[in-house]
Each structure stands twice: as C-alpha cells, then as structure tokens.
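Peer 1: curious how this folds, go ahead:
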Amino acid sequence: MSHSHGHHHTHDHPDLKGRNLVISILLNIVITVAQVIGGLLSGSLSLLSDALHNFSDVISLIISYIANKLTKRKASFQRTFGYKRAEILAAFINAATLIIVAVLLIIEAFKRFKNPEVIESDLVIWLSLVAILGNGFSVLLLKKDSKSNMNMKSAYIHLLTDMMASVAVLVGGLLMKYYQLFWVDSVLTFAIAIYLIWMGFDLLINSTKVLMLFTPDSVPVQKIVDEINAFESVKNVHHVHVWQLNEDEVHLEAHIDFSEDITLSEFDTILKNIEQYVFKKYHINHVNIQPEYSYDDAKDVIVQD
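Peer 2: Numbers count the residues shown, from 1 in each chain. Got it, this is the predicted structure:
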C-alpha cells in the first residue's frame with residue numbers, strides 16, 4: 001500500500017489569528033456585561049437578547065481560540081492526525097449554539113409581544129451604539145481569516161450577526177424613544193433570531209458533513225474512478241473513500257486492481273501521475289492507494305467496511 005500527500009496549501013499566521021481572537025473576546029465580555037446591566041435597567045428584551053447573543057459570542061470565540069491552539073499540537077502515536085479537526089469541531093459547536101440561542105429568543109419574543117412593556121429607550125440607544133462599534137472592530141479583525149478557515153468563519157459570523165442585531169436594536173430604540181412603539185422590541189428580537197438561524201444553518205450543515213466524513217460536494221467520485229480507470233495498466237478502481245479532514249486536507253483512499261503484475265517502480269510512477277492529476281483537477285492532496293493483482297475482494301466502487 002502506498003500513501004502520499006502534498007503540502008500545496010498556504011498557511012495563515014496563527015499568532016496573529018490568536019491575538020485577534022483574544023481582542024475580540026475581551027471586547028465582547030465588556031459589551032455583554034454592559035448590555036445585561038442596561039437591559040435589566042431599561043426593561044428591553046431586544047437589548048437582553050443582544051446581550052445573550054454576545055455572551056454566546058464570548059463562548060464561541062473562546063472555543064475558536066482553544067481550537068486554534070490545539071491545531072498547532074503535533075501528531076503522536078495516540079493521535080496520529082494530531083488535532084487537525086479541532087477547528088471543525090469548534091465550528092460545529094458554534095453554529096449549533098447560534099441556533100439554540102435563536103430558538104430561545106423566539107420563545108421570549110412571543111411572550112413579550114403579548115405583554116409589551118415601557119422601555120427606557122435612551123439606554124437601549126447608547127448601549128447598542130457601543131455594541132456596534134465593538135463588534136464592528138472585531139469583525140474587521142477576523143474578516144481576512146474567515147475566508148479560508150471554517151473555525152474563524154464561525155466566529156466571524158457570530159460577530160457579524162451580533163453587529164447587525166445591534167443595528168436593529170438601535171433602530172428599535174429610536175422608534176421607541178420618538179414614537180413610543182414598544183412592541184417593536186419584540187419584533188426586533190424575533191427578526192434577530194431568524195437571522196441567527198439563517199446564518200448558522202449553512203455552517204452547521206457544512207461542519208457536520210466534514211465531521212461525518214462525507215465526500216466534499218466538489219468531488220465527483222464516479223467521475224474520478226472513471227478517469228483513473230483510463231490510466232495505463234489500471235484494470236479496476238474500487239473500495240473508494242473520499243473525505244475532508246479539515247480546511248486544508250482532502251483525502252482519497254482506494255484499491256486499484258492492475259491488469260498485469262507490475263513492479264513497485266512502475267506502480268510508483270502510476271501513483272505519482274494519479275496524485276498530480278487528482279490534485280490539479282480536484283484539489284485532493286492526500287492519496288492512499290492499495291495496489292492489487294488478481295486479488296480476491298469486492299470490486300464495487302463503494303464497499304461497506
């Protein structure tokens with residue numbers, strides 16, 4: 001069996017990424033404390049819901065920070081992959097908590113809508129402005145890394161949605177101050193919750209697919225099998241597995257039945273050609289091939305292990 005992999009991906013600056021996460025964590029702790037106090041004093045559910053969302057941000061950012069640190073740890077005999085999937089797990093946890101928080105907000109919004117209360121709108125306005133500035137700065141810190149890292153994307157989405165929620169709370173505060181539309185508080189809370197679900201669902205699905213070792217959507221397994229079958233001396237490609245380990249690694253594992261009893265050096269040449277082909281066309285950078293000749297095993301493309 002031969003196993004080969006390339007290192008064709010670029011690396012972020014983990015120290016800078018970690019520093020940006022720490023700054024965002026500290027900012028969100030300050031915002032959360034301020035909004036909880038302000039929400040209790042003003043009676044605003046939307047401000048308290050924004051504080052709850054901010055608190056979930058703090059938790060998610062801490063998880064992201066820990067995951068970012070874990071990925072730097074080296075592999076060992078007990079952990080042969082190291083902690084490469086820590087950031088995917090963090091993305092899953094963050095997306096799940098985002099949706100749970102949203103459901104709780106919807107329940108509270110319905111309760112408050114039936115019995116709207118007079119709200120101290122000045123506090124709502126000023127604290128929402130503080131949250132917009134704090135989360136806006138955090139969003140800028142994480143924007144670059146969010147484009148290439150699922151874990152950072154989950155943290156970025158948390159902060160972006162919270163900034164948008166704070167904008168909505170600000171608008172609501174202004175409406176309550178100048179038009180006494182106190183029912184707007186509940187409507188905004190409901191809107192914020194729906195937005196959280198919409199933003200978190202896609203990330204939850206994608207991280208679940210990676211954790212479940214599903215084949216990436218961009219990789220057509222049957223087409224790859226047909227193309228490898230066209231290689232010289234290849235008789236049959238079977239027992240295929242394709243999965244994504246983390247943001248950087250896509251693995252292909254397969255058995256190849258050869259039409260003749262080739263030498264190891266000939267196999268190495270064919271393997272190298274396969275590796276270059278699947279990387280160039282499908283960005284698969286880890287290839288593990290088991291060579292066979294007249295070997296008695298199941299020849300189906302997909303075999304249940």
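Peer 1: enumerate every residue touching His239.
Peer 2: Under the criterion of C-beta atoms under 8 Å, 6 or more residues apart in numbering, the contact list for His239 reads Glu253, Ala254, His255, Gln290, Asp297, Ala298, Asp300, Val301, Val303. Backbone N, C-alpha and C define where each C-beta goes, glycine included.
Peer 1: so where's this protein uncertain?
Peer 2: The chain contains residues with pLDDT under 70 at 1-17.
Peer 1: recalculate using a threshold of 50.
Peer 2: Low-confidence segments of the chain, defined by pLDDT under 50: 6-13.
Peer 1: hmm, back to that, sitting in strands, which of the contacts of His239 do you find?
Peer 2: By the criterion of DSSP state E, membership of the contacts of His239 in strands covers Glu253, Ala254, His255, Gln290.
Peer 1: on that earlier part again, of the contacts of His239, closest to Leu104?
Peer 2: Using C-beta to C-beta, Glu253 comes nearest to Leu104 of the contacts of His239, at 42.0 Å.
Peer 1: if that closest one is in a bridge, with which residues?
Peer 2: Listed by DSSP bridges, the beta-bridge partners for Glu253 are His241, Asn288.
Peer 1: touching, Asp50 and Met163? I think so.
Peer 2: No. Here Asp50 lies out of contact with Met163, judged by C-beta atoms under 8 Å, at a distance of 10.0 Å.
Peer 1: between these two, which contacts overlap?
Peer 2: When contacts are counted by C-beta under 8 Å, 6+ apart, Asp50 and Met163 have Ala131 as shared neighbours.
Peer 1: these two: who's more crowded?
Peer 2: When neighbours are counted by other C-beta atoms under 10 Å, Asp50 comes out ahead of the other of Asp50 and Met163, with 32 against 18.
Peer 1: helix or strand: which one has that one?
Peer 2: Here Asp50 is covered by helix 45-70, with elements defined by DSSP states H and E.
Peer 1: elements contacting whatever helix or strand comes next after that helix?
Peer 2: Following the chain from helix 45-70 toward its C-terminal end, the next helix or strand by DSSP H and E is helix 86-114. Using 3 or more C-beta pairs under 8 Å, 6 or more residues apart in numbering; DSSP states H and E as the contact criterion, the neighbours of helix 86-114 among helices and strands are helix 45-70, helix 150-179, helix 184-211.
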